[in-house]
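A.B. asks: structure of the sequence below:
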Amino acid sequence: MTVIGWIILGLLAGAIAKLLLPGRDPGGFIGTTLIGIAGAFIGGWISARWLDHPVTKHFYDTATWASAIGGALVLLILYRILFGNSRD
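C.D. replies: Residues are numbered from 1 along each chain as shown. Sure thing, here's the model as predicted:
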């Protein structure tokens, strides 16, 4: 999968993470999208590095999607913990 594929996957993973964790985000739509892209990269890296399951082969692989969504969820939770009260 290319970098463009990871960006598209990250956009979709960020949207899915937002659906799974509804509520106000400090960064809004753009922040959530960027978190999704970063989460896809980080989730893929963690999966390949420590879980011994490289996910760079197929866009439609379940492990690829799970790692991207998992990475986006983790980053979204961390982002809400760190910056959650900035929009009050």
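A.B. asks: which non-adjacent residue is nearest Ala38?
C.D. replies: Leu75 (5.8 Å; C-beta to C-beta, 6 or more residues apart in numbering). Quick note: C-beta positions are derived from backbone N, CA and C, even for glycine.
A.B. asks: can you give me the mean pLDDT across the helix or strand where Ala48 lies?
C.D. replies: Assigned by DSSP states H and E, Ala48 belongs to helix 28-49. Mean pLDDT, helix 28-49: 78.
A.B. asks: quick one: it to chain centroid distance?
C.D. replies: Taking C-alpha atoms, centre = their mean, to the nearest Å, the mean C-alpha location of helix 28-49 is offset from the chain mean by 3 Å.
A.B. asks: list the buried residues for that helix?
C.D. replies: For helix 28-49, a neighbour-count test (16 or more other C-beta atoms under 10 Å) marks 32-44, 46-47 as buried.
A.B. asks: and for stretch 77-86?
C.D. replies: Going by neighbour count (16+ other C-beta under 10 Å), the buried part of stretch 77-86 is 79-80.
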